[in-house]
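# Okay, predicted coordinates and the sequence, questions at the end:
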Amino acid sequence: MVCVSGSLFVAIHLRNWLADHLEISPRRKAEIYQNLLDSVSLGDISYWLQVLFSAGIATLGLVLNSPAVIIGAMLISPLMGGILANGLAFAVGDLVLGARAIANLALSCAVAIGFAILIIAPIPFKELTPEIAARTQPNALDLFIALFSGALGSIATCKEPKGVVTSIPGVAIAVALMPPLCVVGYGIGIGLSPDIAGTGGFQVARGGGLLFLTNLAAITFMSMLVFLALNIGMPEVKSQVREWHDQDPESQWVQSLMTRLPITSRLQKIGSLPSRIVVMLLPILLLLIPLSQSFGRLQTELAQKQEDNSVKRWATQLWQQNFANFSSGEPRSYISQLNTAVSEDILTLQLTVFTSEPYTLKERQAFEQTLARQLGRSIESLDVQLVEILTASNQLLAQLSGEQALPDTLPPDTPPLTVSQAQVNLLQTVDTALGTMVLPTPALPLRHEISTSAISSLTLKIFYLSERNIDRDAQSLLQEDLRNRLSAPTAQIILVRVPTSPPPLTFELDLSGLSPDSRQILNQVGQFLQQQPDLTLEIVAQSETLENPAVNGNRIQTVQEFLVKNWQVNASRIKSRKGPAVENGKRPQVLLNINLTR
């Protein structure tokens, strides 16, 4: 008994010592309690205007992908007061304050989400911007940020204001209470929209809701601990609180309601401090389950990126030291592109180099063996694919020099040509020149466009299908050769590549909405397909192993509908299939393969 009393005395002494050193007097503790009690008033019109305006600003900022606008919404959001009031209620065991705080928060969330849905409904563009996507996959780090922010926000609220207060705005930005709620409204609005299919709106809402619940639970728990440590609920303050509740109309209504509810007596019996701490710890522990899964995926992704960077660094270093130059020291090649991929424990390294002399099989094997030793891998687990692009090759020069010349010019006595005849002759001349033109492998010619103007006598644009660009030296030789054939030394020759494998479309986990980058890629692909009827498209959807199996079909449908609706591409030209799951650490994606059918 003496031991218990001594421990209680030490605890009270430490709490008072902390409050004294933070300059939080008993008068200030009463002010804190009064301020937080006032912050949960349902009859404060200015509070609801702040909720509406901050929700509107945050929603538009998310849609416009504007961090500055979103930060502005964070600063004017009044939700922090209700959460701190909830933490105070758990700290001192005030059922009336807790009921009022919970009702205020629930209604505030409903208003913010509902207003966001109303804003999203009439907006014609509903894209999954990076700012929205960033709030759909919270992880354990977000929980710790909220814990630290909740502690700082509670201390900043308790201290006497001195000079310019900078802590509260920082806390508001760190935890970002309003934007996750608006993401929930955005996701619900997209999910309920009848004209948008397969966008995963409800998955977006789920991610935003998880982030808000994480912030809510963490801030409430930490504010409860801070208020306990500062002994806000000291006996003198509690006696004043009872008077406030008796005088406040909303508190009176809550008290009268609670007296009629049988659950109130049970809450009072189990409402001890240890019970209240357990009640607050339970949701945090439950939230850690999905948050830890997201954090695990983040760790895997970061580890994969670090491994890729290490492989690329060693491959580049070994190539430059041992294979980039001739034995005389003169440059032989340089690396244009380097890609890595891991599948079934086999590391595939695709190395694209510009070289003046092809590499022999022995040289390729030597590089592969050297790299395998450096990476600590067996030669069987490493697949090096060397793609060589010859610069000014003798074979290409021979092809270009052996081409047929253009027909002789018309004799002097030929009558003047009409505009239509001149146009026909020009088209025939260009077709003849292009008919014997040979593009470097693997480029395939598609079509060409001809235009003339007062500034440039002739502009010839040639479209070709290839997995890589034609080397600059080869382009210069082709352009000069075509000018000679056309007898037009000032002609502008432009080579435009249609990629066989455009950049993949990446998606967020369990979502099928197109990001702005994906829309830009599909617009380019749609333009190519619209202009070239001989091209077909293959769509390969690769999901993450933990995703819903149906999400692959939604992504394929989204891509097909985008091309058919926006670029009038015949659906028969689009083939699709479900590919293997993406490697660990990589985001779900849709691969695009453009093919030529002749």
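On my side now, so go ahead.

# Helix or strand: which one has residue 520?
helix 516-531 (DSSP states H and E).

# packing partners for the next helix or strand after that helix?
Next in sequence after helix 516-531, counting helices and strands by DSSP H and E, comes strand 535-542. Judged by 3 or more C-beta pairs under 8 Å, 6 or more residues apart in numbering; DSSP states H and E, the packing partners of strand 535-542 are helix 516-531, helix 551-567, strand 574-578, strand 589-596. Just so you know, the C-beta spots here come from the backbone N, C-alpha and C atoms, and that holds for glycine as well.

# what about 6 Å?
In this structure, strand 535-542 packs against helix 551-567, strand 574-578, strand 589-596, with contacts taken as 3 or more C-beta pairs under 6 Å, 6 or more residues apart in numbering; DSSP states H and E.

# Now do the buried residues in the last one.
So that's strand 589-596. 589, 590, 591, 592, 594 (16 or more other C-beta atoms under 10 Å).

# likewise stretch 565-572?
Neighbour-count burial for stretch 565-572 flags 567, 569 (criterion: 16+ other C-beta under 10 Å).

# send the alpha carbons of that stretch over as CSV?
What follows is stretch 565-572 as a C-alpha-only set of coordinates in CSV (Å, rounded to 0.1, in the frame of the first residue of the first chain):
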residue,chain,number,x,y,z
LYS,A,565,-13.4,6.5,-77.8
ASN,A,566,-10.7,9.1,-78.2
TRP,A,567,-8.9,7.9,-81.4
GLN,A,568,-11.6,5.9,-83.1
VAL,A,569,-9.3,2.9,-83.3
ASN,A,570,-11.2,-0.2,-84.5
ALA,A,571,-11.4,-2.7,-81.6
SER,A,572,-10.4,-5.5,-83.9
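
# Now that stretch: average pLDDT?
Per-residue pLDDT values across stretch 565-572 average out to 88.

# Please apply the same query to stretch 185-195.
81.

# Would you indicate which residues of it are buried?
Neighbour-count burial for stretch 185-195, counted by 16+ other C-beta under 10 Å, picks out 185, 186, 187, 188, 189, 190, 191.

# So which of the residues you listed belong to helices?
Using DSSP state H, 185, 186, 187, 188, 189, 190, 191 are the members of the buried residues of stretch 185-195 that sit in helices.

# Against residue 55, how distant is the first one?
Note on residue 185: its distance to residue 55, by C-beta to C-beta, to the nearest Å, is 8 Å.

# what touches both of these two?
Common contacts of residue 185 and residue 55 (C-beta atoms under 6 Å, 6 or more residues apart in numbering): residue 116.

# Looking at the helices and strands packed on strand 535-542, spot the one closest to residue 43.
Nearest to residue 43, of all the helices and strands packed on strand 535-542, is helix 551-567, at 45.4 Å by C-beta to C-beta.

# ok so, going back, just want the angle from the helix holding residue 520 to strand 574-578.
With axes from the mean of the first three to the mean of the last three C-alpha atoms, to 10 degrees as the basis, helix 516-531 and strand 574-578 are set at 140 degrees to each other.

# What is helix 516-531 packed up against?
Looks like helix 516-531 contacts helix 551-567 (3+ C-beta pairs under 6 Å, 6+ apart).

# hmm, back to that, a markdown table for the ones in helices among the buried residues of stretch 185-195, including distance to residue 275?
Below are those laid out as a markdown table (distance: C-beta to C-beta, whole Å):
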| residue | distance to residue 275 |
| --- | --- |
| 185 | 35 |
| 186 | 38 |
| 187 | 35 |
| 188 | 35 |
| 189 | 40 |
| 190 | 41 |
| 191 | 38 |
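
# Just the closest of the residues you listed to residue 20, please.
Distances from residue 20 to those, taken as C-beta to C-beta, are shortest for residue 185 (44.8 Å).

# unless I'm mixing things up, that closest one is touching residue 119, no?
No. Using C-beta atoms under 6 Å, residue 185 is not in contact with residue 119; the gap is 7.7 Å.

# and the next element down the chain from the lengthiest helix in the chain?
Assignment by DSSP H gives helix 273-322 as the longest helix of the chain. Toward the C-terminal end, the helix or strand that comes next after helix 273-322 (DSSP H and E) is strand 333-343.

# In CSV, list the C-alpha atoms belonging to that next one.
These are the backbone C-alpha positions of strand 333-343, laid out as CSV (Å, rounded to 0.1, in the frame of the first residue of the first chain):
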residue,chain,number,x,y,z
SER,A,333,31.8,2.3,-78.3
TYR,A,334,29.7,4.0,-75.7
ILE,A,335,26.6,2.9,-73.8
SER,A,336,23.3,4.3,-75.0
GLN,A,337,20.9,2.4,-72.8
LEU,A,338,21.0,-0.1,-70.0
ASN,A,339,18.0,-2.0,-68.6
THR,A,340,17.8,-4.8,-66.1
ALA,A,341,15.1,-7.3,-65.2
VAL,A,342,14.9,-10.3,-62.8
SER,A,343,12.7,-13.3,-63.6
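
# Direction included, what does that strand pair against?
Sheet pairing of strand 333-343 (DSSP bridges) gives strand 346-355 (antiparallel).

# What's the first helix or strand after the partner strand?
Downstream of strand 346-355 (by DSSP H and E), the next one is helix 361-375.

# mind checking how far the helix or strand harbouring residue 157 is from the chain centre?
For residue 157, the element it lies in under DSSP H and E is helix 140-158. Relative to the centre of its chain, helix 140-158 is centred 25 Å away, using C-alpha atoms, centre = their mean, to the nearest Å.

# Quick check: buried residues in that helix?
140, 142-143, 145-147, 149-158.

# what two of these are the furthest from one another?
Greatest spacing in these, by C-beta to C-beta: 140 and 158 (27.7 Å).

# Contact partners for the residue nearest the centre of the chain?
In the chain, the residue lying closest to the centroid (C-alpha atoms, centre = their mean) is residue 130, at 4.5 Å. When contacts are counted by C-beta under 6 Å, 6+ apart, residue 130 touches residue 65.

# contacts for the helix or strand residue 254 falls within?
Residue 254 is part of helix 249-260, with elements assigned from DSSP H and E. Residues from elsewhere that reach helix 249-260 (C-beta under 6 Å, 6+ apart): 96, 99, 100, 245, 264.

# Swap in 8 Å and give it another go.
For helix 249-260, the external contacting residues (C-beta atoms under 8 Å, 6 or more residues apart in numbering) are 37, 41, 42, 43, 95, 96, 99, 100, 244, 245, 246, 264.

# what's the spatially closest residue to residue 191 that is not a sequence neighbour in contact with, if anything?
Computed as C-beta to C-beta, 6 or more residues apart in numbering, the closest residue to residue 191 that is not its neighbour in sequence is residue 201, at 3.2 Å. Residue 201 makes contacts with 186, 187, 188, 189, 190, 191, 192, 193, 513, as judged by C-beta under 8 Å, 6+ apart.

# I'd like those laid out as a markdown table, including distance to residue 296.
Shown next, in a markdown table, are these (distance: C-beta to C-beta, whole Å):
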| residue | distance to residue 296 |
| --- | --- |
| 186 | 27 |
| 187 | 24 |
| 188 | 28 |
| 189 | 31 |
| 190 | 28 |
| 191 | 27 |
| 192 | 32 |
| 193 | 33 |
| 513 | 24 |
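
# before we move on, the earlier item: can you mark which positions in the helix holding residue 520 are buried?
Judged by neighbour count (16+ other C-beta under 10 Å), helix 516-531 contains these buried residues: 518, 521, 522, 525, 526, 528, 529.
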